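1. Pasting the sequence and the predicted coordinates here, then a few questions.
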Amino acid sequence: MKRKGPANESSAISPVQAVIERTITDFIHVEVSGSVVLLIAAIVTLVLANSPWSEQYLQFWQVKIGFKVGSFEFYETLQHWINGFLMAFFFFVVGLEIKREVVAGVGGYLVLRLANRGTEPEGA
């Protein structure tokens, strides 16, 4: 099999790699896959937090991560990054999903019906 890429670049992949790639691609395109990943992560977190390794698990969240540009430094704990940036990103995506449902889904239909009701002549 050949992997599709730029016109001058193609690399052969083995049948095993093709099956793994197809399986991962199929999993990503299933709507429930995000829920499965989230459920597995929650189970792993509960097990680790209540295991003999709980101290190392809690220390992991206190690792400092950041960046430095010239004299400017910004370092925060991993927990801070997740609570700040990733949660904001999560709710941004949720907001976009809600907007999509309102505009294109049942909510859009209801908004159009309500708008139409205001323009219908009385007695119609």
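-> The structure has been received and is ready for your questions. The structure displayed is predicted, hence computed values, not measured ones.
2. Setting aside sequence neighbours, what's the nearest residue to residue 63?
-> Nearest non-adjacent residue to residue 63, counting by Cβ to Cβ, 6 or more residues apart in numbering: residue 78, 5.0 Å away. To be clear about C-beta, it is placed using only N, CA and C from the backbone, and glycine gets the same treatment.
3. pretty sure that neighbour contacts residue 61?
-> Yes: using Cβ atoms under 8 Å as the test, residue 78 is close enough to residue 61 to be in contact (5.4 Å).
4. how far away is residue 67 from residue 48?
-> 28 Å (Cβ to Cβ, to the nearest Å).
5. Just want to know which of the two has more residues nearby.
-> residue 48 (15 against 8; other Cβ atoms under 10 Å).
6. For the closest residue to that one other than its chain neighbours, list the residues it contacts.
-> Using Cβ to Cβ, 6+ apart and skipping the chain neighbours, the partner closest in space to residue 48 is residue 57 (4.4 Å). By Cβ atoms under 8 Å, 6 or more residues apart in numbering, the contact list for residue 57 reads 48, 49, 51.
7. The helix or strand hosting residue 57: what's the following helix or strand?
-> Per DSSP states H and E: residue 57 is located in helix 54-60. Scanning forward in sequence from helix 54-60 by DSSP H and E, the next helix or strand is strand 64-69.
8. Contacts for that following strand next, please.
-> 73, 74, 75, 76, 77, 78, 81.
9. Which of the residues you listed fall in strands?
-> If you go by DSSP state E, the contacts of strand 64-69 have 73, 74, 75, 76, 77 in strands.
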